[in-house]
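S.K.: My questions concern the predicted model and sequence given below.
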Amino acid sequence: MGAGRMFGWGVAGLLLLGAGVVAVRTVTFQAPGQTDLSKVTLAEPIAVDADRAAQHLGAAIRFQTVTHQDPAEDRSDQWDGLHAWLAATYPAAHRAMVREDVGAHALLYTWKGSDPSLEPIILMAHQDVVPVAPETEAQWRHAPFGGEVAEGSIWGRGAYDDKGALVSMMEALDALAAQGFQPKRTIMVASGADEETRGGSVKAIAALLKSRGVKAEFLLDEGFSGTTRDGFTGKPLARLLIAEKGYATMRVTASAAGGHSSTPPLQTAVTDLSKAVVAIAGHPYPMRLKGPVKDSYQALAPQVGFGDRMMLANTWLFSPWLVARIAAQPSGAAVLHTTIAPTMLQGSPKENVLPQKAVAWINFRIAPGDTSADVMRRSQGAVRKLPVTLTWDKPPYEPTASSSTTSRGWTLIAKTVAETFHAPVAPGLMRGGTDSWFMRGVARDTYLFTPMLLSPEEEKMIHGTNERISVKNLEDMVQFYARLVRTAAG
């Protein structure tokens with residue numbers, strides 16, 4: 001047998017062996033580190049008055065608890081009004097729980113359990129909302145702060161983010177208290193007042209709980225909702241998020257002599273700044289399938305056909321194809337790497353004046369595995385000898401560690417999600433930012449999920465025009481919190 005023929009047989013053998021390995025791994029593949037939800041029994045559903053809950057959410061929306069880039073624009077009386085309204089609207093819950101006003105408008109509720117040896121659970125939802133751009137108000141089908149119940153939905157800023165969750169929690173806890181429910185495990189509700197600007201009012205709650213030696217079994221805060229049509233499977237899917245990307249905003253500053261625009265030099269502060277922004281943003285971070293994102297997609301293996309299952313079971317071989325497919329959608333691409341987003345620019349106060357200083361702000365969402373120090377070094381390398389300075393606008397928030405997907409907390413939340421919304425559950429990575437970042441030392445595990453299913457089209461209204469949630473979604477949210485509390489703390 002000639003050498004060429006022997007080589008050909010060798011190559012064929014290796015290909016056959018590789019195909020065999022891929023096939024065996026595909027057939028035997030198990031999603032990493034998740035518990036069997038079929039063994040979990042939830043508390044029975046409660047009766048939910050969806051129309052009453054909808055009217056209450058509408059009333060909460062009418063309090064304009066808007067946090068602005070400049071805190072001086074915030075209206076303190078709106079938070080005071082919301083707090084008084086909560087006490088008047090949910091009397092049973094306020095009799096059962098102790099409410100503490102912490103820091104600047106943050107609230108901490110504690111419903112003491114009968115067994116002090118059990119670790120408490122913490123639920124979170126924030127009170128503030130993002131502004132409505134004046135030029136977009138005419139595009140709203142219903143007034144952005146009208147809180148109208150129309151077309152089967154509750155309309156207004158905060159309906160989804162995050163007053164829907166806050167009202168749903170209070171509806172559930174008020175109903176349970178009125179029924180005489182007495183938890184064995186202490187229940188806490190932590191509600192920040194400035195989540196949308198990362199003002200950190202929840203830091204005061206975290207400090208208070210740490211000073212008291214509180215260590216919660218789990219904490220549940222807002223996250224991205226489930227979807228009626230996942231981009232990978234094409235089917236309903238709920239992602240219970242187990243980690244959060246870091247958050248950092250870089251200030252890029254260019255200085256120059258300034259002067260009259262009629263006699264500009266070859267280089268100005270604006271041109272130097274522009275080159276620096278392009279240099280930083282023009283070199284995106286590589287996309288990688290790793291950590292909680294890898295776990296998230298591999299958890300989908302039971303929901304997909306053989307071809308997709310083969311790729312998920314053999315990421316050592318098919319990772320480039322998976323990355324390309326996930327990255328086809330912006331929301332998918334965002335979880336695969338550290339993102340770079342130039343967001344604000346500042347230059348001359350007049351069009352015919354050369355600025356002595358031009359500034360750009362670039363927002364980074366830092367993926368697990370990267371750090372703010374890595375981002376700074378990479379950015380400094382990108383601008384090289386350009387006459388600019390790079391500084392952090394505020395101290396960065398680093399990416400969090402991943403919470404367990406085998407703990408009792410994960411199992412109870414995932415089961416409640418699956419049974420309430422009739423959708424499979426997978427772990428995931430939070431590409432935005434939440435108040436729970438400040439509470440990481442208070443709870444053993446932190447999970448992020450806004451309990452509802454949205455279509456890809458509905459997801460576009462978050463922080464946008466015509467924000468709303470359906471009355472059916474609100475009813476499901478109340479049921480979700482009631483069953484979770486009764487099961488976890490009962």
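M.R.: The structure has been received and is ready for your questions.
S.K.: What number of residues are in the vicinity of Ala299?
M.R.: Counted with other C-beta atoms under 10 Å, residues neighbouring Ala299 total 23. In short, each C-beta sits where N, CA and C put it, glycine included.
S.K.: For it, list the residues it contacts.
M.R.: The contact partners of Ala299, by C-beta atoms under 8 Å, 6 or more residues apart in numbering, come to Ala31, Pro32, Gln34, Ala426, Pro427.
S.K.: Surely the first one is in a strand?
M.R.: By that I understand Ala31. No - using DSSP: H, G, I helix; E, B strand; the rest coil, the assignment for Ala31 is coil, not a strand.
S.K.: What ranges in the chain fall below the confidence cut-off?
M.R.: Confidence mapping of the chain against pLDDT under 70 gives the ranges 1-18, 20-22, 24, 33.
S.K.: ok, Asp49 to Thr65 distance?
M.R.: 25 Å (C-beta to C-beta, to the nearest Å).
S.K.: out of the two, which sits in the more crowded spot?
M.R.: Thr65 (27 against 13).
S.K.: any idea how far the more buried one is from Leu107?
M.R.: 12 Å.
S.K.: Check Phe29 too.
M.R.: Using C-beta to C-beta, Phe29 is found at 45 Å from Leu107.
S.K.: Enumerate every residue touching the nearest residue in space to Arg444 that is not next to it in sequence.
M.R.: For Arg444, ignoring the flanking residues on the chain, the nearest one in space by C-beta to C-beta, 6 or more residues apart in numbering is Glu217 at 6.1 Å. By C-beta under 8 Å, 6+ apart, Glu217 lies in contact with Leu118, Glu119, Pro120, Ile121, Arg185, Arg408, Gly409, Ala443, Arg444, Asp445, Ala488.
S.K.: ok but Met188 is inside a helix, no?
M.R.: No - if the criterion is three-state DSSP, then Met188 is strand and not within a helix.
S.K.: still on that earlier bit, buried ones from the contacts of Ala299, can you make that a ChimeraX selection?
M.R.: Buried residues among these (16 or more other C-beta atoms under 10 Å), as a ChimeraX selection:
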select :31,34,426,427
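S.K.: Pull the most distant pair out of the contacts of Ala299.
M.R.: Greatest spacing in the contacts of Ala299, by C-beta to C-beta: Pro32 and Ala426 (10.8 Å).
S.K.: surely Leu454 meets Arg229?
M.R.: No - with contacts counted by C-beta atoms under 8 Å, Leu454 stays clear of Arg229, the gap being 9.7 Å.
S.K.: Of these two, give the one with the bigger neighbour count.
M.R.: Each of Leu454 and Arg229 has its neighbours counted (other C-beta under 10 Å); Leu454 has more, 21 against 14.
S.K.: Who is that one paired with across the strands?
M.R.: Thr227 (DSSP bridges).
S.K.: Quick check: end-to-end length of stretch 350-366?
M.R.: By C-alpha to C-alpha, to the nearest Å, the extent of stretch 350-366 from end to end equals 35 Å.
S.K.: wait, I meant stretch 320-332
M.R.: Stretch 320-332 stretches 14 Å from its first residue to its last (C-alpha to C-alpha).
S.K.: and which of the contacts of Glu217 is nearest to Thr253?
M.R.: Of all the contacts of Glu217, Ala443 has the smallest distance to Thr253: 38.6 Å, by C-beta to C-beta.
S.K.: Check whether that closest one really touches Leu220, as I assumed.
M.R.: No - if you go by C-beta under 8 Å, Ala443 and Leu220 don't touch, sitting 9.2 Å apart.
S.K.: Spit out the residues that contact those two alike.
M.R.: Joint contacts of Ala443 and Leu220 (C-beta under 8 Å, 6+ apart) are Ile122.
S.K.: Now do the shared contacts for Thr65 and Leu107.
M.R.: Gln127, Ala193.
S.K.: Can you classify the spatially most central residue of the chain as helix, strand or coil?
M.R.: Taking C-alpha atoms, centre = their mean, the centroid of the chain lies closest to Gly223, which sits 3.7 Å from it. Recorded secondary structure, Gly223: coil (three-state DSSP).
S.K.: Enumerate every residue touching it.
M.R.: Arg239, Leu240, Leu241, Gly428, Met430, Thr434, Tyr447, Leu448, Phe449, Thr450.
S.K.: if I've got this straight, Tyr247 is in a helix?
M.R.: No - going by three-state DSSP, the assignment for Tyr247 is strand, not a helix.
S.K.: my guess is it contacts Tyr397, does it?
M.R.: Yes - using C-beta under 8 Å, Tyr247 is in contact with Tyr397, at 4.3 Å.
S.K.: tell me, what's touching those two both at once?
M.R.: In the contact map built from C-beta under 8 Å, 6+ apart, the residues linked to both Tyr247 and Tyr397 are Arg198, Gly433, Trp437.
S.K.: how near is Tyr247 to Thr400?
M.R.: Separation of Tyr247 from Thr400 (C-beta to C-beta): 11 Å.
S.K.: Report the set of residues contacting both of these two.
M.R.: By C-beta under 8 Å, 6+ apart, the residues touching both Tyr247 and Thr400 are Trp437.
S.K.: how close does the residue nearest to Glu137 when sequence neighbours are not counted get to Pro120?
M.R.: For Glu137, ignoring the flanking residues on the chain, the nearest one in space by C-beta to C-beta, 6+ apart is Pro144 at 6.3 Å. According to C-beta to C-beta, Pro144 stands 36 Å off from Pro120.
S.K.: And Tyr481, by the same measure?
M.R.: Tyr481 is 16 Å from Pro120, by C-beta to C-beta.
S.K.: What of Thr136?
M.R.: From Thr136 across to Pro120, the span is 41 Å (C-beta to C-beta).
S.K.: So which of those two has more stuff around it?
M.R.: Pro120 (24 against 12).
S.K.: hmm, back to that, out of the shared contacts of Tyr247 and Tyr397, who's the most crowded?
M.R.: Trp437 (23 neighbours).
S.K.: what's the neighbour count on the closest residue to that one other than its chain neighbours?
M.R.: Of all residues not flanking Trp437 in the chain, Tyr397 sits nearest, at 5.7 Å (C-beta to C-beta, 6+ apart). Using other C-beta under 10 Å, Tyr397 has 18 other residues around it.
S.K.: Tyr397 reaches Gly200, doesn't it?
M.R.: No - look at Tyr397 against Gly200 with C-beta under 8 Å: they stay out of range, at 10.0 Å.
S.K.: can you give me the strands in the stretch 101-250 of the chain?
M.R.: For the stretch 101-250 of the chain, the strands defined by DSSP state E, counting those that start in this stretch occupy 106-111, 121-124, 149-150, 153-155, 187-191, 216-221, 226-227, 238-244, 246-255.
S.K.: And the residue nearest to Trp437, how close does it get to Arg483?
M.R.: 32 Å.
S.K.: before we move on, what about Ala238?
M.R.: With distances taken as C-beta to C-beta, Ala238 is found 15 Å from Arg483.
S.K.: What of Leu354?
M.R.: Remark: distance between Leu354 and Arg483 (C-beta to C-beta) = 63 Å.
S.K.: if we can go back for a sec, ok, the residue nearest to Trp437 - contacts?
M.R.: Tyr397 is in contact with Arg198, Gly246, Tyr247, Ala248, Gly433, Trp437, counting by C-beta under 8 Å, 6+ apart.
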